[in-house]
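Q: Show me the folded form of this:
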Amino acid sequence: MVELKTDTSIDAMYEAGQVVGRALTAVRKASDVGVSLLELDEVAHDVLRDAGATSPFLGYRPSFAPTAFPAVLCASVNDAIVHGIPTRYKLRDGDLVSMDFGAELSGWVGDSALSFTVGTPRPADVRLIETAERALAAGIAAAVVGNRIGDIAHAIGTVCREGGYGIPDGFGGHGIGRRMHEDPGVPNEGRPGRGMKLRHGMVLAIEPMLIGGGTDGYHADADGWTLRTNDGSRAAHAEHTVAITETGPRILTARAD
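A: Sure, this is the predicted structure:
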């Protein structure tokens, strides 16, 4: 069932989203050659503490997971698409990093992700990340009252496929509110004019995931969480929490950077 949020609730979700934005900005600024993923998880955790917020990631255990997620930050490096668990791995020059983060504040959740390179960027990685951001922007532009979920999915998928990139099947965006994952699901590829009609008060986490090699195959690591590309190519992930309103899409996790 889809819960329509009141304007007051959307304002409260914006406050949670700003915590998310500050954390991702801090993590990006702290990411440098030689910095470990565990250190970056602690940077994000500090932002939560300072805001009086909690993590919807820490301790989360969906049906597919063998264990509860042990961190507040998903840190996926190079061929990892999403759900990477922070480890002692130290970032290297040229790494492509995707960071996904959530915060819960006053009972409301925000969720966002971004990808960036560390040190000297590879041109192919820059193009991959830029395409992920354009796909996200296209999906957000389609998130207007009267459109349908399929319009968002089609907008994202068109940008990804035209760029020559793969899309991991079965993973996409979702509704969000009191819980991190709510109805409806938001695929990253689909047919326009299909699916649930978008209404004022719906809030969605829109999140394209791109596989650089152009294939769609992926597999899970032994940890049961980290998803990696089958072809070993690099991946990128971009996400915002977006409210659908009569005046247009409102990005609740917008970052100052």
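
Q: Surely residue 121 touches residue 94?
A: Yes: Residue 121 lies in contact with residue 94 (CB atoms under 8 Å); the separation is 7.1 Å. Using the backbone N, CA and C atoms, a C-beta is placed for each residue, glycine as well.

Q: what bridges to residue 54?
A: residue 104 (DSSP bridges).

Q: Might you report the residue contacts of it?
A: The contact partners of residue 54, by CB atoms under 8 Å, 6 or more residues apart in numbering, come to 48, 103, 104, 105.

Q: Just give the nearest non-adjacent residue to the second one, would you?
A: Excluding its sequence neighbours, the residue lying closest to residue 103 (CB to CB, 6 or more residues apart in numbering) is residue 19, at 4.1 Å.

Q: so what's the backbone phi/psi at the one you found?
A: phi -60, psi -40 (degrees, to the nearest 10).

Q: wait, doesn't it sit right on residue 46?
A: No: Residue 19 is not in contact with residue 46 according to CB under 8 Å; the separation is 11.5 Å.

Q: quick one, which of these two is more surrounded?
A: residue 19 (24 against 13; other CB atoms under 10 Å).

Q: For the more buried one, give me the pLDDT.
A: pLDDT recorded at residue 19 is 98.

Q: Which positions in the helix or strand containing residue 158 come out as buried?
A: Assigned by DSSP states H and E, residue 158 falls within helix 149-162. Residues of helix 149-162 classed as buried by neighbour count (16 or more other CB atoms under 10 Å): 149, 150, 151, 152, 153, 154, 155, 156, 157, 159, 160.

Q: helix or strand right after it?
A: Once helix 149-162 ends, the next helix or strand along the chain (criterion: DSSP H and E) is strand 173-175.

Q: And the strands in this protein, which stretches?
A: 73-77, 80-82, 96-105, 108-117, 173-175, 182-186, 203-206, 209-211, 218-220, 227-229, 235-237, 240-245, 248-251 (DSSP state E).

Q: Check which helices and strands the last one is in contact with.
A: Right, the one you point to is strand 248-251. With contacts taken as 3 or more CB pairs under 8 Å, 6 or more residues apart in numbering; DSSP states H and E, strand 248-251 sits against helix 7-30, helix 123-141, strand 240-245.

Q: Please apply the same query to the second one.
A: For strand 80-82, the helices and strands in contact under the criterion 3+ CB pairs under 8 Å, 6+ apart are strand 96-105, strand 209-211, strand 227-229, strand 235-237.

Q: any residues touching the last one, and which ones?
A: Put plainly, it is strand 235-237. 76, 78-82, 96, 98, 100, 113-115, 125, 128-129, 131-132, 207-212, 229.

Q: how about a cut-off of 6 Å?
A: Here strand 235-237 makes contact (CB atoms under 6 Å, 6 or more residues apart in numbering) with 81, 82, 98, 113, 115, 128, 129, 132, 209, 210, 211, 229.

Q: Tell me the most packed of these, by neighbour count.
A: For the contacts of strand 235-237, the largest neighbour count, defined by other CB under 10 Å, is 31 neighbours, found at residue 210.

Q: Neighbours of the residue nearest to it when sequence neighbours are not counted, how many?
A: In space, and not counting its chain neighbours, residue 210 is closest to residue 165: 4.3 Å by CB to CB, 6+ apart. Residue 165 has 25 neighbours, counted by other CB under 10 Å.

Q: Residue 15: which of the strands of the chain is closest?
A: Across the strands of the chain, residue 15 has its closest neighbour in strand 96-105 (5.7 Å, CB to CB).

Q: in the sheet, who's paired with residue 117?
A: Beta-bridge partners recorded for residue 117 (DSSP bridges): residue 96.

Q: from now on call the first residue 30
A: New numbering, starting at 30: the last item is residue 146.

Q: measure it to residue 269 for me?
A: Look at residue 146 and residue 269: by CB to CB, to the nearest Å, they are 20 Å apart.
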